[in-house]
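Q: 3D, please:
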Amino acid sequence: MSSTDAGGEFRSEAERAAEQERKIQREIDAKEQRSFKPAEDDEKPMQAGAREYPAPPFPKQHLEKPGLEADLQLKPLWDAPYYKGSGKLEGKAALVTGADSGIGRAVAVLFAREGADVAIAYLNEDEDAELTKRAVEGEGRRAILLSGDVADARFAEAAVQQTVKAFGRLDVLVNNAAFQEHVNDLEDLTEEHFDRTLKTNLYGYFFMAKAAVPHMPPGSAIVMTGSVTGLVGNKDLLDYSMTKGGIHAFTRALSTHLMKKGIRVNAVAPGPVWTPLNPADKDAERTAKFGGDTPMKRPAQPEEIAPAYVFLASPQTSSYITGEILPIIGGYIGG
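A: Numbering: from 1, shown residues only. As a prediction, this is how the structure comes out:
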């Protein structure tokens, strides 16, 4: 294993965090009576990309947390074969959390294609992370693996230090790691569950930004992963929606705070995206219908979201943009 975890100090913490996630998941799985009413709308999903993207019904699958992309029967599309790099991040170094799979992996690959070296931070999904590392190196850039829990301030500091040591600089931080687990009843949202969500999604973003900023030169960028749930809420994701709204507010506040340092801060707020995060939350029946209720009748694939991160990270394309929340949600429903 080529994972860098500051001498193994944080690996045990990462394993404990992953086990806590699985414990919370098991409690929810045991409580709920699963049922799903099939959608009656049989319109064809919208296809407007460089290639055709999958649409429901998907394989009926439920993953154990934190969720391995390698275990998904239907693999997400992240390699963006039609995306051509043009040096938008040439010579820069990026640290991406939750980069083992999903959006984080797609972002890491496109950053590399645009010329950046990439530090891949993740919890304990070693197999997925190794594939991301190989993909970054396949683009001709350097990559390191950083295993640990972003909710641990010590890991955040160590991850930044390892990135700077490996690449000699840090220009882009992507705060992307997240914990999500639904509840059907407010009474089922335990303090442990609530705390895990806030620790990962809010504390983790704060710790990483605090550790990274002292090393980031003027012209650097921080890109946060928000969510449509932080804009409109979600009745089954009370704590998750709260944290995503908090991330949006943190983005706006931090952008103002870092203006004098020349560091831009923005967020991407995706709608449903086909990654391990959701099959590790939803039961198999709901996973099969995932994203079908959007106007486009399908979820996004990671490679459809990642170019927005390139746009917001590059000083060539977004030098006058800071404090913005960019929704990518598959359209709006008109009257």
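Q: What ranges does the stretch 51-200 of the chain have for its helices?
A: Residue ranges of the helices in the stretch 51-200 of the chain, as given by DSSP state H, counting those that start in this stretch, are 102-113, 126-138, 153-167, 191-198.
Q: Those: which one's closest to I222?
A: Nearest to I222, of all the helices of the stretch 51-200 of the chain, is helix 153-167, at 12.2 Å by Cβ to Cβ. The way it works is simple: take the backbone N, C-alpha and C, and place the C-beta from them, glycine included.
Q: Could I get the buried residue list for the closest one?
A: 155-160, 162-164, 166-167 (16 or more other Cβ atoms under 10 Å).
Q: Please produce CSV containing those residues, extended by pLDDT and distance to V96.
A: Shown next, in CSV, are the buried residues of helix 153-167 (pLDDT from 0 to 100; distance: Cβ to Cβ, whole Å):
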residue, pLDDT, distance to V96
F155, 98, 15
A156, 98, 13
E157, 98, 17
A158, 98, 16
A159, 98, 10
V160, 98, 12
Q162, 98, 13
T163, 98, 10
V164, 98, 15
A166, 98, 14
F167, 98, 13
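Q: List phi and psi for G91.
A: phi 80, psi 10 (degrees, to the nearest 10).
Q: and the buried residues of helix 153-167, which two are the farthest apart?
A: Checking those with Cβ to Cβ, the most distant pair is F155 and F167, at 18.2 Å.
Q: Quick check, pLDDT for the closest residue to Y240 other than its chain neighbours.
A: Spatial nearest neighbour of Y240, excluding adjacent residues (Cβ to Cβ, 6 or more residues apart in numbering): Q180 at 4.8 Å. You'll see Q180 listed with a pLDDT of 93.
Q: Over to S86?
A: Looking at S86, the pLDDT reads 98.
Q: How about the contacts made by the residue nearest to it when sequence neighbours are not counted?
A: Leaving aside its sequence neighbours, S86 sits nearest to E114 (Cβ to Cβ, 6+ apart; 7.1 Å). E114 makes contacts with 85-90, 310, 314, as judged by Cβ atoms under 8 Å, 6 or more residues apart in numbering.
Q: By neighbours, which of the residues you listed wins?
A: In terms of neighbour count, L89 stands highest of the contacts of E114 at 27 neighbours, by other Cβ atoms under 10 Å.
Q: Would you agree that one is in contact with A108?
A: No. The pair L89 / A108 is not scored as a contact, 11.4 Å apart, by Cβ atoms under 8 Å.
Q: Let me see the confidence value for the nearest residue to P295 once chain neighbours are set aside.
A: Setting aside the residues directly before and after it, P295 is nearest to G331 in space (Cβ to Cβ, 6+ apart), at 3.4 Å. On pLDDT, G331 comes in at 94.
Q: Please report how far G331 lies from K92.
A: Using Cβ to Cβ, to the nearest Å, we find G331 at a distance of 33 Å from K92.
Q: Could I get the phi/psi values of I28?
A: Residue torsions, per degrees, to the nearest 10, at I28 are phi -70, psi -40.
Q: can I get the buried residues of helix 153-167 in a markdown table with distance to N201?
A: Listed next are these as a markdown table, based on distance: Cβ to Cβ, whole Å:
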| residue | distance to N201 |
| --- | --- |
| F155 | 15 |
| A156 | 14 |
| E157 | 19 |
| A158 | 20 |
| A159 | 17 |
| V160 | 19 |
| Q162 | 23 |
| T163 | 21 |
| V164 | 25 |
| A166 | 26 |
| F167 | 26 |
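Q: Mind jotting down where the strands sit in the stretch 1-150 of the chain?
A: 3-4, 93-97, 117-122, 143-147 (DSSP state E, counting those that start in this stretch).
Q: So which of those is nearest L326?
A: Taking Cβ to Cβ, strand 93-97 is the member of those nearest to L326, at 17.1 Å.
Q: any idea of the angle the closest one forms with helix 153-167?
A: 150 degrees (axes from the mean of the first three to the mean of the last three Cα atoms, to 10 degrees).
Q: Please name every helix or strand in contact with strand 93-97.
A: helix 102-113, strand 117-122, helix 153-167, strand 172-175, helix 204-212 (3 or more Cβ pairs under 8 Å, 6 or more residues apart in numbering; DSSP states H and E).
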